[in-house]
Each structure stands twice: as structure tokens, then as C-alpha cells.
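J.: okay, predicted coordinates and the sequence, questions at the end:
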Amino acid sequence: MASGGDKQLDQNTPDDVWKTILNAEQYYVLRQKGTEPPGTGKYNKHKEEGIYTCAGCDQPLYTSKMKFDSGCGWPAFYDEIPGSLVRHEDNSWMGKRIEIVCSKCGGHQGHVFEGEGFPTPTNIRHCVNSISVNFKPQKVE
């Protein structure tokens with residue numbers, strides 16, 4: 001997690017505070033809605049059991065049981081922890097996409113794609129930047 005000390009990090013946290021807490025790459029992805037290059041993130045092929053949290057505010061977003069290998073070059077999840085993400089329409093690149101952001105701090109996580117035919121319970125793929133999440137090993141029920 002980005003270390004904010006005792007500060008409450010949320011959607012009202014000013015950019016100048018985020019810039020002191022996040023490194024340049026984290027700031028670019030989480031606050032400026034950037035994307036890390038495919039295949040470069042440390043959680044793309046990650047298989048350990050645990051919880052993926054927002055790298056900005058540490059809110060739990062996904063469990064390892066929700067993760068699957070989509071072959072897209074970024075970590076993929078078929079669902080999120082209820083209430084952890086907010087969806088927004090994103091028309092910034094090659095047509096309409098659905099952006100997902102952390103519901104607590106507004107940090108950009110990636111995009112959601114539906115109906116791609118992956119053999120998952122939801123037929124939904126959350127395409128997430130590794131730099132947008134941290135991982136906490138733990139037993140997941």
C-alpha cells in the first residue's frame with residue numbers, strides 16, 4: 001500500500017498528497033488513469049491464495065478465488081468483493097469501455113469486459129493493472 005501514515009486516503013484526498021504517497025508509476029495509473037504495459041505486472045501470473053487490495057488506500061477488492069488466467073497480459077478477475085469498485089463509462093480510447101475504480105479512494109484499477117466467452121461464473125473479465133493492487137497472503141474461504 002502507498003503509505004499515508006495516519007492520513008485517511010479517499011476520493012477527497014488532494015493530488016498534492018497523492019504525489020507524496022505514490023511513486024510516479026503508481027500516480028500515473030491510479031490517479032491519471034494510465035495503463036501499465038501488458039505482461040509486465042507482478043500479479044499477472046500470480047497464483048498465491050489471498051486478498052488483492054487497492055494500492056492507493058488498501059481497500060480489499062478481490063480474492064484469489066476470483067482470479068483467472070485470461071492471457072490478456074494483465075491480472076484478470078471474474079468478480080469483485082461487493083461494494084469495492086465503482087464503474088464509469090470511459091470513451092477515452094477506441095470506443096466505449098467500462099472503467100473500474102476503487103470505491104473508497106477513486107483509484108483507477110482498469111476496465112471490465114463482458115461476454116468474451118471465458119469459462120467463468122460471470123462471463124465478465126476485470127482487466128486490472130498490477131500496479132493498482134497489492135496482495136495480502138491469507139486463507140480465502
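T.: Looks like it arrived, so ask away.
J.: what score does W93 have for pLDDT?
T.: On pLDDT, W93 comes in at 67.
J.: actually R97, sorry about that
T.: At R97, the pLDDT recorded in the model is 87.
J.: look up phi and psi at it.
T.: When read as degrees, to the nearest 10, the backbone of R97 gives phi -130, psi 170.
J.: distance check, the residue lying closest to P121 once chain neighbours are set aside against L22.
T.: Using CB to CB, 6 or more residues apart in numbering and skipping the chain neighbours, the partner closest in space to P121 is Y78 (6.2 Å). All C-beta atoms are positioned from the backbone trio N, CA, C, and that covers glycine. To L22, Y78 is 28 Å away according to CB to CB, to the nearest Å.
J.: when these two are compared, which one has more neighbours?
T.: More crowded of Y78 and L22, by other CB atoms under 10 Å: L22, with 22 against 19.
J.: so where's the longest helix in this structure?
T.: Identified as the longest helix of the chain according to DSSP state H is helix 15-21.
J.: which SSE is the residue nearest the centre of the chain in?
T.: What sits nearest the mean C-alpha location of the chain, by CA atoms, centre = their mean, is Q109, with 3.1 Å. According to DSSP states H and E, Q109 maps onto strand 108-114.
J.: and that strand, C-alpha only, in CSV?
T.: Extracted in CSV, the C-alpha atoms of strand 108-114 (Å, rounded to 0.1, in the frame of the first residue of the first chain):
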residue,chain,number,x,y,z
HIS,A,108,-8.1,3.6,-11.4
GLN,A,109,-7.9,-0.2,-11.4
GLY,A,110,-8.6,-1.0,-15.1
HIS,A,111,-11.6,-1.9,-17.2
VAL,A,112,-14.4,-4.5,-17.2
PHE,A,113,-15.3,-6.5,-20.3
GLU,A,114,-18.4,-8.7,-20.7
